[in-house]
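Chemist: here's my sequence, what's the structure:
(one chain, ligands or ions: 1)
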Amino acid sequence: MDTMELNNIQNKAIETVANLNNLQDLEAARVSLLGKNGQITQLLKQLGTLAPEDRKTFGQQVNKVKVEVTSALEKRKNKLEIEELNKKLASEAVDITLPATHKVIGKMHPVSYVMEEVASVLGKVGFNHAVGKEIETDFYNFTALNIPDDHPARQDHDTFYIKTKDDEERKVLRTQTSNVQIHTMEDNKPPLRIMSIGRVYRCDSDVTHTPQFHQVEGLALDTNLHFGHLKGTLQKFMTDYFERDVKIRMRPSYFPFVEPGTEVDIGCLFCNGEGCRICSNTGWLEVLGAGMVHRNVLKNCGVDSEKYQGFAFGAGIERLAMLKYGINDLRLFYESQEAFLNHFGKVPASVSAKL
Ligand code: DAH
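Modeler: Prediction:
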């Protein structure tokens with residue numbers, strides 16, 4: 001093979017390499033030129049067959065071709081690599097001017113987390129959950145609670161009655177969680193301390209009433225329980241729930257199922273008792289009803305009223321939520337406005353720990 005032929009091989013190889021447009025083809029070209037059986041490798045292999053005087057010059061020439069082709073391959077490789085990288089960067093480009101995608105995290109409704117807060121506060125002073133029925137017989141919602149048929153207190157509850165057959169006992173959507181007291185005392189032996197938290201219904205809808213709302217009921221039954229235990233329990237309940245020193249005040253009041261009965265106020269949380277719009281300048285906010293369980297109620301449940309005394313209390317969950325979190329309109333709880341839920345909803349601790 002003469003110099004011209006070698007030059008031709010070199011030029012052709014360099015031209016081919018220059019026209020390759022991707023790294024796979026380039027690699028294939030490298031193999032066909034410089035690989036084990038490549039064209040240039042074959043030429044080098046022929047050296048052994050040449051006469052010693054030809055071997056030197058031919059060897060030098062083939063090596064030169066090898067160096068040139070190797071360098072052409074490398075240059076092309078660098079160029080193609082840069083091109084491919086640029087292409088990749090362009091296709092994966094991130095438009096940092098686009099609005100960010102936010103993780104949408106569901107939040108607990110204030111009514112739900114206030115029910116949990118209340119349960120946790122009362123749970124710490126020994127009250128256990130008791131589950132009640134929402135569709136209740138007239139007996140458990142009223143009669144057993146010392147509210148017989150002709151009792152004027154019935155009129156205070158705008159009751160939803162459920163159609164029943166003529167021979168069936170009248171059923172209602174419970175108007176209060178106090179019905180759970182009766183079931184609890186019927187089914188369990190004292191001493192006992194229960195709380196029941198859940199939905200109640202009244203046929204009433206205006207700025208300060210919704211037809212469905214939530215209450216918490218507490219009941220304790222034991223020997224030697226007195227009004228002081230009730231007051232102490234409520235003081236602790238209020239202080240722990242509102243997470244600050246709150247004053248409480250008990251005013252005599254009437255509920256048919258307790259005697260004596262009391263309405264319980266807390267010192268206004270918004271003006272520290274000085275008087276403001278929210279407490280109607282009284283310095284006090286009404287939060288719950290309570291009292292010592294009426295002996296008629298104990299009797300109705302088969303509890304020996306000579307041996308056992310009980311105290312009970314009931315509060316509205318929405319009212320507790322409004323006072324603690326400064327929510328000023330009851331209707332907001334049920335309108336499902338996203339802005340309200342975003343603002344007043346809470347990410348449960350178990351979820352936020354994972355964020
Ligand atoms: N059930 C009453 C209501 O719905 C609240 C209540 C008052 C519950 C006094 C009680 C209580 O347990 O002792 O208005």
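
Chemist: separation between residue 161 and residue 75?
Modeler: Distance of residue 161 to residue 75, computed by CB to CB, to the nearest Å: 93 Å. (C-beta placed from N, C-alpha, C; glycine too.)

Chemist: residue 159 belongs to a strand, doesn't it?
Modeler: No - per DSSP: H, G, I helix; E, B strand; the rest coil, residue 159 lies outside any strand segment and is coil.

Chemist: could you give the number of residues near it?
Modeler: The number of residues packed near residue 159 is 19, by other CB atoms under 10 Å.

Chemist: I figured it hits residue 172, correct?
Modeler: Yes - the pair residue 159 / residue 172 is scored as a contact, 5.1 Å apart, by CB atoms under 8 Å.

Chemist: overlap of the contact sets of these two?
Modeler: residue 141 (CB atoms under 8 Å, 6 or more residues apart in numbering).

Chemist: point me to the residue of the stretch 151-300 of the chain nearest the ligand.
Modeler: When scored by CB to the nearest ligand atom, the stretch 151-300 of the chain has residue 289 as its residue closest to the ligand, at 2.6 Å.

Chemist: domain boundaries for this structure, per the record?
Modeler: Split into domains by automatic domain parsing, the chain comes to 3-91, 110-352.

Chemist: in TSV: those domains, plus distance to residue 100 and mean pLDDT.
Modeler: Output for the domains of the chain, formatted as TSV (distance: least, CB to CB, whole Å; pLDDT from 0 to 100):
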stretch	distance to residue 100	mean pLDDT
domain 3-91	21	91
domain 110-352	17	94
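
Chemist: re the thing from before, the helix or strand hosting the residue of the stretch 151-300 of the chain closest to the ligand - contacts with which helices or strands?
Modeler: In the assignment (DSSP states H and E), residue 289 maps to strand 284-293. For strand 284-293, the elements it packs on are helix 227-242, strand 248-253, strand 258-267, strand 309-316, helix 317-325, judged by 3 or more CB pairs under 8 Å, 6 or more residues apart in numbering; DSSP states H and E.

Chemist: now for those, which one comes closest to residue 211?
Modeler: Minimum separation from residue 211 across these (CB to CB) falls at helix 317-325, 12.5 Å.

Chemist: and that closest one, anywhere near the ligand?
Modeler: No - looking at helix 317-325 against the ligand by CB under 6 Å from any ligand atom, there are no contacts, and the closest approach is 10.8 Å.

Chemist: and for the following helix or strand past that helix, what's in contact with it?
Modeler: Downstream of helix 317-325, the first helix or strand assigned by DSSP H and E is helix 338-344. By CB under 8 Å, 6+ apart, the residues outside helix 338-344 that reach it are 107, 109-110, 325, 327, 332.

Chemist: tell me the most packed of those, by neighbour count.
Modeler: residue 110 (25 neighbours).

Chemist: pretty sure it contacts residue 320?
Modeler: No - assessed by CB under 8 Å, residue 110 is found out of contact with residue 320, at 10.0 Å.

Chemist: pull the number of nearby residues for the residue in the stretch 1-150 of the chain that the ligand sits nearest to.
Modeler: Nearest residue of the stretch 1-150 of the chain to the ligand: residue 145, at 8.1 Å (CB to the nearest ligand atom). Neighbourhood size, residue 145 [other CB under 10 Å]: 26.

Chemist: so it touches residue 256, yeah?
Modeler: Yes - the pair residue 145 / residue 256 is scored as a contact, 6.5 Å apart, by CB under 8 Å.

Chemist: which residue sits closest to the residue of the stretch 1-150 of the chain closest to the ligand, ignoring its sequence neighbours?
Modeler: residue 257 (4.2 Å; CB to CB, 6 or more residues apart in numbering).

Chemist: what bridges to residue 172?
Modeler: Beta-bridge partners recorded for residue 172 (DSSP bridges): residue 136, residue 161.

Chemist: now do the contacts for it.
Modeler: Contacts of residue 172 (CB under 8 Å, 6+ apart): 135-138, 141-142, 159-162.

Chemist: tell me which stretches of the stretch 1-150 of the chain form helices.
Modeler: 3-19, 23-34, 39-46, 52-91, 110-124, 138-141 (DSSP state H, counting those that start in this stretch).

Chemist: which among those helices is found nearest to residue 241?
Modeler: Per CB to CB, nearest to residue 241 of the helices of the stretch 1-150 of the chain: helix 110-124, 4.9 Å.

Chemist: what's in contact with the closest one?
Modeler: Contacts for helix 110-124 (CB under 8 Å, 6+ apart): 108, 129, 195, 197, 214, 216, 218, 236-237, 240-241, 317-318, 320-321, 324-325, 327, 333, 344-346, 348.

Chemist: filter those to the buried ones?
Modeler: The neighbour count (16 or more other CB atoms under 10 Å) marks 108, 195, 197, 214, 216, 218, 237, 240-241, 317-318, 320-321, 324, 327, 333, 344-346 as buried among those.
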